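Novice: output the structure for:
(one chain, ligands or ions: 1)
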Amino acid sequence: MIRGNLIELRLFREADLPLLSRWTREDHDSPEWFQRRIESETETRDRFSTDSGFWSTDRGRLMIEPLRRRRGASPGSAGFITFWRPAPSISDAYEIGIYLSISHRRGGYGTEAQSLLARFLFENRPTGRVQATTAVENTSERAALEKAGFRVEGVLRDWFWAGGRRRDAALYSMTRQEWEAIRPASPSRPDSSRSHESSRSASPPPKRGR
Ligand SMILES: CC(C)(COP(=O)(O)OP(=O)(O)OC[C@H]1O[C@@H](n2cnc3c(N)ncnc32)[C@H](O)[C@@H]1OP(=O)(O)O)[C@@H](O)C(=O)NCCC(=O)NCCS
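Specialist: Model prediction:
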């Protein structure tokens with residue numbers, strides 16, 4: 001549905017749901033600031049049916065599918081990426097979030113997936129801004145967002161609860177104007193064989209000085 005160089009983002013199928021639920025139980029050794037949310041298979045199925053298969057104009061969840069198998073990575077899907085509107089009554093902004101299964105990390109998927117989804121949202125929604133929040137300590141996500149072209153805006157103090165205490169989060173964003181400045185030269189072409197909401201993309205935007 002949305003194709004990059006390393007991965008493809010595609011809609012969820014019912015057969016993916018056990019894997020999705022399993023991923024929420026995966027990070028046993030994660031750092032204490034990592035926010036875990038264990039989801040039962042029943043809850044995952046309920047959400048899938050009430051959220052129209054994880055897809056609507058305002059919110060969606062896409063499977064991250066590697067285009068080639070990496071050495072040491074488990075076979076099959078790599079993780080998922082989501083988008084939603086954080087303040088729909090006052091802003092047309094979107095927020096994104098991502099999860100990669102452990103064996104699929106550090107291969108560039110996080111950077112490319114977030115770059116592809118930002119591009120999809122700017123091309124297919126009239127939004128002025130795409131944002132992301134992550135624990136201030138989450139160096140890998142912060143680096144992936146920056147490589148994808150997002151800029152840090154500041155710190156959201158006491159933003160979430162993890163490891164027995166309140167935690168600060170870093171807020172990142174990319175405005176439409178910033179995206180226009182780094183968008184790939186070739187216009188994306190809708191893949192009409194599958195959906196008019198489609199986008200093809202090359203690699204993430206070049207790194208900018210900041
Ligand atoms: C955060 C996450 C999405 C990053 O995706 P990724 O595919 O692992 O990251 P990338 O391979 O695109 O790496 C981007 C950059 O981050 C840095 N980086 C990645 N993993 C790192 C690590 N473990 N330690 C230090 N730096 C790291 C590197 O600078 C890397 O660039 P480089 O490979 O050119 O040096 C992924 O690790 C993940 O899903 N983690 C668990 C869930 C999570 O934290 N989600 C986001 C928070 S809401």
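Novice: interface residues of this protein facing the ligand?
Specialist: The chain comes close to the ligand at residues 79, 97-100, 105-111, 134, 138-141, 143-144, 147, as judged by CB under 6 Å from any ligand atom. For every residue, glycine as well, the C-beta is placed using N, CA and C.
Novice: just the buried members of the residues you listed?
Specialist: 79, 97-100, 107-111, 134, 138, 141, 144, 147 (16 or more other CB atoms under 10 Å).
Novice: find the closest residue to the ligand in the chain.
Specialist: residue 110 (2.0 Å; CB to the nearest ligand atom).
Novice: who touches the closest residue to that residue other than its chain neighbours in this structure?
Specialist: Spatially, and ignoring its direct neighbours in sequence, residue 110 is nearest to residue 144 (3.9 Å; CB to CB, 6 or more residues apart in numbering). Residues near residue 144 by CB atoms under 8 Å, 6 or more residues apart in numbering: 98, 110, 111, 114.
Novice: contacting residues for the residue lying closest to residue 38 once chain neighbours are set aside?
Specialist: The spatially closest residue to residue 38, leaving aside those adjacent along the chain, is residue 24, at 5.1 Å (CB to CB, 6+ apart). With contact taken as CB under 8 Å, 6+ apart, residue 24 is in contact with 36, 37, 38, 39.
Novice: so which strand or helix has residue 9?
Specialist: Remark: residue 9 resides in strand 7-11, with elements defined by DSSP states H and E.
Novice: so what does that strand touch, helix or strand wise?
Specialist: strand 2-3, strand 60-66, helix 109-124 (3 or more CB pairs under 8 Å, 6 or more residues apart in numbering; DSSP states H and E).
Novice: highest average neighbour count across the ones you listed?
Specialist: Ranked by mean neighbour count, those are led by helix 109-124 with a mean of 24 (mean count of other CB atoms under 10 Å).
Novice: following that helix in sequence, what is the next regular element?
Specialist: Immediately after helix 109-124, counting by DSSP H and E, sits strand 129-135.
Novice: elements contacting that next one?
Specialist: strand 94-100, helix 109-124, helix 139-147, strand 151-162, strand 165-175.
Novice: are any of the contacts of residue 24 buried, and if so which?
Specialist: By neighbour count, with 16+ other CB under 10 Å, the contacts of residue 24 hold residue 39 as buried.
Novice: reformat the contacts of residue 24 as a markdown table; add pLDDT and secondary structure.
Specialist: Formatted as a markdown table, the contacts of residue 24 follow (pLDDT from 0 to 100; DSSP: H, G, I helix; E, B strand; the rest coil):
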| residue | pLDDT | secondary structure |
| --- | --- | --- |
| 36 | 83 | coil |
| 37 | 84 | coil |
| 38 | 87 | coil |
| 39 | 89 | coil |
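Novice: where does this protein dip in pLDDT?
Specialist: 186-210 (pLDDT under 70).
Novice: and with 50 instead?
Specialist: 189-196, 198, 201-202, 207-210 (pLDDT under 50).
Novice: ok, and the closest non-adjacent residue to the residue of it most remote from its centre?
Specialist: Distance from the C-alpha centroid of the chain, by CA atoms, centre = their mean, peaks at residue 164 (25.9 Å). Nearest residue to residue 164 in three dimensions, chain neighbours excluded: residue 32, at 7.5 Å (CB to CB, 6+ apart).
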